[in-house]
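Colleague: this is the structure alone, sequence omitted:
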DNA sequence: GCCAACGTTGGC
DNA sequence: GCCAACGTTGGC
């Protein structure tokens, strides 16, 4: 099983939204590296659900990949901000995965907290200039962040 | 609101 | 195919 981190702006779609809808197609990703990561996903992979562009940013909960090879419908919708005029039904350019709600962590794991943790030093998320919205995490990093989210640390 | 980082676009 | 200009991301 692989582990991933997926960023979302909670104002747009946060962990409480995922909890409500249970399953959500991760549409709207328009970055080739992020797309490649989603294409590498398998059903059952574990996802850290990360809140970005919010104060404070951090991991809010856990999700799982419930379906792969999902066509991103927003590419065909002229009213969507993710509309892609070059995409056709015959030749879609963007696909994604379905993400299923698993749990909201009892303790929100702040980005600053992750930066302070020596065992997360090499984490991709913490690298300078890293803004990839779908990125791999190691099993050890995943485990560590889940542990931080389950126990009170401040 | 700033700005570093980095992806994309388009002229040549 | 290069690369300057421009746009976007996202922490601070």
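Modeller: That came in fine, so what should we check first? All values reported here derive from a predicted model rather than from experimental measurement. Residues are numbered from 1 along each chain as shown, chains lettered A, B, ... in the order given.
Colleague: what comes into contact with the longest helix that chain A contains?
Modeller: Longest helix of chain A, by residue count under DSSP state H: helix A:139-150. Contact with helix A:139-150 is made by A:3, A:46, A:48, A:59, A:61-62, A:105-109, A:113-114, A:117, A:119-120, A:123, A:137, as judged by Cβ atoms under 8 Å, 6 or more residues apart in numbering. C-beta: built from backbone N, CA, C; applies to glycine.
Colleague: swap in 7 Å and give it another go.
Modeller: The contact list for helix A:139-150, computed with Cβ atoms under 7 Å, 6 or more residues apart in numbering, reads A:3, A:46, A:48, A:59, A:62, A:105-107, A:109, A:113-114, A:117, A:119-120, A:123.
Colleague: next one: stretch A:44-57
Modeller: By Cβ under 7 Å, 6+ apart, stretch A:44-57 touches A:1-10, A:14-15, A:18, A:58-65, A:99, A:110-112, A:137, A:142, A:145.
Colleague: 6 Å instead, please
Modeller: A:1-7, A:9-10, A:15, A:59-61, A:63, A:65, A:110-111, A:145 (Cβ atoms under 6 Å, 6 or more residues apart in numbering).
Colleague: the closest residue to DNA strand B within chain A: what secondary structure?
Modeller: Nearest residue of chain A to DNA strand B (Cβ to the nearest atom of the strand) works out as residue A:129 at 2.1 Å. What DSSP: H, G, I helix; E, B strand; the rest coil gives for residue A:129 is coil.
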